[in-house]
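> what's the 3D shape of this:
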Amino acid sequence: MVDVTDWEERVTVALREQHIRLTRPRRAIIHWIASQTTVFSAEALAVAVSTPLARAGRSTVYRMVDQLREQGWLTRVQTERGLYAYSRTILGHHHHAICTRCGATLLIRGCAALDELYSLLSEYGFVVRHHLIELTGLCRNCQQQRR
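All right, here's what the predicted structure looks like:
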């Protein structure tokens with residue numbers, strides 16, 4: 001899991017280094033995303049930060065989601081219903097394991113498990129240029145609740 005405080009701090013520092021103004025709406029968006037432990041929709045975010053205190057408009061929310069995604073702070077995941085949701089992430093290469101019941105997302109660093117698959121593919125003359133892996137299933141808590 002991505003630590004909430006660490007993620008919010010890293011994103012804030014990165015945006016400041018890019019000379020992006022951290023307005024009240026942008027701070028509210030970052031803070032709300034940081035507090036999420038499961039995947040979320042951009043629409044849920046827009047509703048959550050449309051309070052009079054945050055004053056974040058829908059277009060600001062969608063632009064910020066796009067910006068954070070392009071920079072690698074958010075990842076877009078496809079839900080079982082075929083819809084897209086977002087999850088906090090960290091910079092660098094990693095993969096996701098997503099609970100289909102509660103939406104909890106685990107980050108998996110590295111690709112050591114792919115070595116055997118790459119070897120098999122190379123036997124067929126196939127060269128992998130890029131890969132994206134999303135694993136879905138049930139987290140420990142959801143498995144225990146099912147029992």
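
> going forward, measure contacts and count neighbours with C-alpha atoms only.
OK.

> hang on, isn't residue 68 packed against residue 76?
No - with contacts counted by C-alpha atoms under 8 Å, residue 68 stays clear of residue 76, the gap being 10.6 Å.

> A helix includes residue 22, no?
No - looking at residue 22 with DSSP: H, G, I helix; E, B strand; the rest coil, it is coil, so not inside a helix.

> any idea how far residue 62 is from residue 19?
20 Å (C-alpha to C-alpha, to the nearest Å).

> show me where this structure has strands.
74-78, 84-88, 94-99, 105-109, 134-137 (DSSP state E).

> let me have these in TSV, extended by mean pLDDT.
Output for these, formatted as TSV (pLDDT from 0 to 100):
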stretch	mean pLDDT
strand 74-78	83
strand 84-88	87
strand 94-99	80
strand 105-109	76
strand 134-137	82
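
> next, format these as a markdown table and append distance to residue 115 and mean neighbour count.
Below are the strands of the chain laid out as a markdown table (distance: least, C-alpha to C-alpha, whole Å; neighbours: other C-alpha atoms under 10 Å):
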| stretch | distance to residue 115 | mean neighbour count |
| --- | --- | --- |
| strand 74-78 | 24 | 18 |
| strand 84-88 | 27 | 21 |
| strand 94-99 | 15 | 20 |
| strand 105-109 | 14 | 17 |
| strand 134-137 | 17 | 14 |
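
> what is the burial count for residue 57?
14 (other C-alpha atoms under 10 Å).

> since we're on the nearest residue to it once chain neighbours are set aside, how many residues are nearby?
Closest residue in space to residue 57, ignoring its immediate chain neighbours: residue 50 at 6.2 Å, by C-alpha to C-alpha, 6 or more residues apart in numbering. Neighbour count for residue 50, taken as other C-alpha under 10 Å: 17.

> any idea how far stretch 96-110 is from the chain center?
10 Å (C-alpha atoms, centre = their mean, to the nearest Å).

> go on, stretch 17-24?
Counting by C-alpha atoms, centre = their mean, stretch 17-24 comes out at 21 Å from the chain centroid.
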